[in-house]
Every structure is written in structure tokens, then in C-alpha cells.
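Visitor: quick check, what structure comes out for this input:
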Amino acid sequence: MNLPKYAVLQKVRDGKRTYGITPRIPGGFVKTDEMIKIAEVAKKYKGTLKITSGQRIAILGIEAEDVEKAWKELDMDPAVLSPYSVKNVEMCPASFCKRSKQNSLKLGMRLEKRFYGAKTPNRTKIGVAGCRNACGSVHSKDIGVIGIEEGYIITAGGSAGFHPRQDNIIAENLNDDEAFMMVEAIYDFYNEEAEFGEKLGPFIDRISLDTFKENVYKIYKEKMGL
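Guide: Now for the predicted structure:
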């Protein structure tokens, strides 16, 4: 059976298969015309709209033969290109929030643009927040960026799935460019050295946090020309 592209099979009810599709919405910010278009496509193909935990809008309950047509009419990128890629970059409201210590939206959008669909050994989530409240569950993300008065904290290895794991602090007090390059360094080392199917947290545990940080900092310094 040929499965519809960029669609997730939902529960099979009475032998009937329906699918869910989720367009890309960077940072959870959706334009009004995009919102209208998503609603119109959902209505046309008798889908149900769902606000996801990943700051996106999914259209659920679509028939297999309608998936390709729905994507064509949406004219939007899919949120997830592959199970083995960066899934999304979640961001708090940052500059819209009174608690924000950094304008992390600017950095978050930069990271989203850079890592959208980037290949990884396993699905990878990045979270960006403007203060220590870390809204968006940044501490449970594979890579976290948290704004503080002195700059940014970078974390790695968090997970809230079947095997919850506390993230590790990799670097502190970085400016925007330094934080971006540290995320790049973490991504590069993980992508090059982890086993296929291995999540970032278990990869850190397997090689040890000290070894992980040592190699990440080596890549980071090369990128920064230090």
C-alpha cells in the first residue's frame, strides 16, 4: 500500500483509514490568510483542526485520496520532512512577554530557518525561551536555548517521552551569535557520531557528558575561530 506523503496514519476505525497533515508554522506565528486557508482546506475535506503541542495546526481525519490535494491547496511546507530530522523549533512569545530577558524570537527564527528538516539520527526538537520560566518545555527538548540577563544558556539531551531525561547545561552566558554556533556544534557532533535511531540524551549518556562537552566545544571553537 502506498502511504500518502507527509501524512500520519491515525486510528483505523471499522477498517477505515484516515490521515493527519500538519503544515509548517515557524515559531507558531501564523498569518491571517494562512489561518483562513487552513480552515478552508479542513472544511473542504471534512477534516478536524487541532492545535498541536508543537505550536502548529494539524488537519485530522482526511481520506487518503484527499491528502495530496489538500497539500496542493494549502501550498505550505510540511512541518516534518522525515522522522529522522529536526522536528521543529518551539519558541515562547519572548519580545511580547514582560518576563523576557532576551529577544529570543530573533534567535529562534534564525535557528528554525537553519535547521528546518535538517537530518538527524533520530527526531530532534529544539526549544527557545526568553527567560528561565522556559515556556514551551524547553528543558524537555533535545536542544534548549534559554535567555537570561547575561545572555543565553544552552542545554542538550532533554526528553519528556517514554524515557524522561533531565537536560544538561552545555554552555552559559552566550550572546546571540555564540548561542547559534553552540547549537550548530551540538548538532554537528550528534549528527556525525551518534548511532542511527539514537536520541541525543541516550547518546550523551553512552559517551559521558564530559566527552560530549569536550567534543562539542572543540567544534564550537573551530566555528568561532578561537
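
Visitor: can you give me the strands in the chain?
Guide: Remark: strands assigned in the chain by DSSP state E are 8-9, 18-21, 48-51, 57-63, 86-91, 124-129, 143-148, 151-156, 168-174.

Visitor: who's in contact with Ser82?
Guide: Contacts here follow C-beta atoms under 8 Å, 6 or more residues apart in numbering; on that basis Ser82 touches 117, 119. Bear in mind the C-beta positions are built from the backbone N, C-alpha and C, glycine included.

Visitor: tell me the phi and psi of it?
Guide: In terms of degrees, to the nearest 10, the main-chain angles of Ser82 are phi -160, psi 150.

Visitor: so can I have JSON lines of the strands of the chain showing mean pLDDT, distance to Val183 and mean neighbour count?
Guide: Below are these laid out as JSON lines (pLDDT from 0 to 100; distance: least, C-beta to C-beta, whole Å; neighbours: other C-beta atoms under 10 Å):
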{"stretch": "strand 8-9", "mean pLDDT": "92", "distance to Val183": "27", "mean neighbour count": "12"}
{"stretch": "strand 18-21", "mean pLDDT": "96", "distance to Val183": "28", "mean neighbour count": "21"}
{"stretch": "strand 48-51", "mean pLDDT": "96", "distance to Val183": "26", "mean neighbour count": "13"}
{"stretch": "strand 57-63", "mean pLDDT": "96", "distance to Val183": "26", "mean neighbour count": "20"}
{"stretch": "strand 86-91", "mean pLDDT": "93", "distance to Val183": "10", "mean neighbour count": "26"}
{"stretch": "strand 124-129", "mean pLDDT": "97", "distance to Val183": "7", "mean neighbour count": "27"}
{"stretch": "strand 143-148", "mean pLDDT": "98", "distance to Val183": "6", "mean neighbour count": "26"}
{"stretch": "strand 151-156", "mean pLDDT": "98", "distance to Val183": "7", "mean neighbour count": "24"}
{"stretch": "strand 168-174", "mean pLDDT": "98", "distance to Val183": "9", "mean neighbour count": "18"}
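
Visitor: how about the nearest residue to the most centrally placed residue in the chain, chain neighbours excluded?
Guide: Central residue of the chain (C-alpha atoms, centre = their mean): Asn88, 2.0 Å from the mean position. Using C-beta to C-beta, 6 or more residues apart in numbering and skipping residues adjacent in sequence, the residue nearest Asn88 is Gly54, 5.0 Å away.

Visitor: residues in contact with Asn103?
Guide: Contacts of Asn103 by C-beta under 8 Å, 6+ apart are 94-95, 130.

Visitor: write the PyMOL selection for whichever of the residues you listed are buried.
Guide: In PyMOL, a selection of the buried entries from these looks like this (16 or more other C-beta atoms under 10 Å):
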select buried, resi 94+130
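
Visitor: flag the least confident of the contacts of Asn103.
Guide: For the contacts of Asn103, the weakest pLDDT value sits at Ser95, with 85.

Visitor: tell me how far the residue lying closest to that residue once chain neighbours are set aside lies from Met109.
Guide: Spatial nearest neighbour of Ser95, excluding adjacent residues (C-beta to C-beta, 6+ apart): Asn103 at 4.7 Å. Using C-beta to C-beta, to the nearest Å, we find Asn103 at a distance of 10 Å from Met109.

Visitor: where's Tyr11 relative to Glu198, distance?
Guide: Actually, residue 11 is Lys rather than Tyr. 29 Å.

Visitor: ugh, typo on my part, it should be Gln55
Guide: For Gln55, the distance to Glu198 equals 26 Å [C-beta to C-beta].

Visitor: which helix is the longest one in the protein?
Guide: If each helix of the chain is counted by residues according to DSSP state H, the longest one is helix 176-193.
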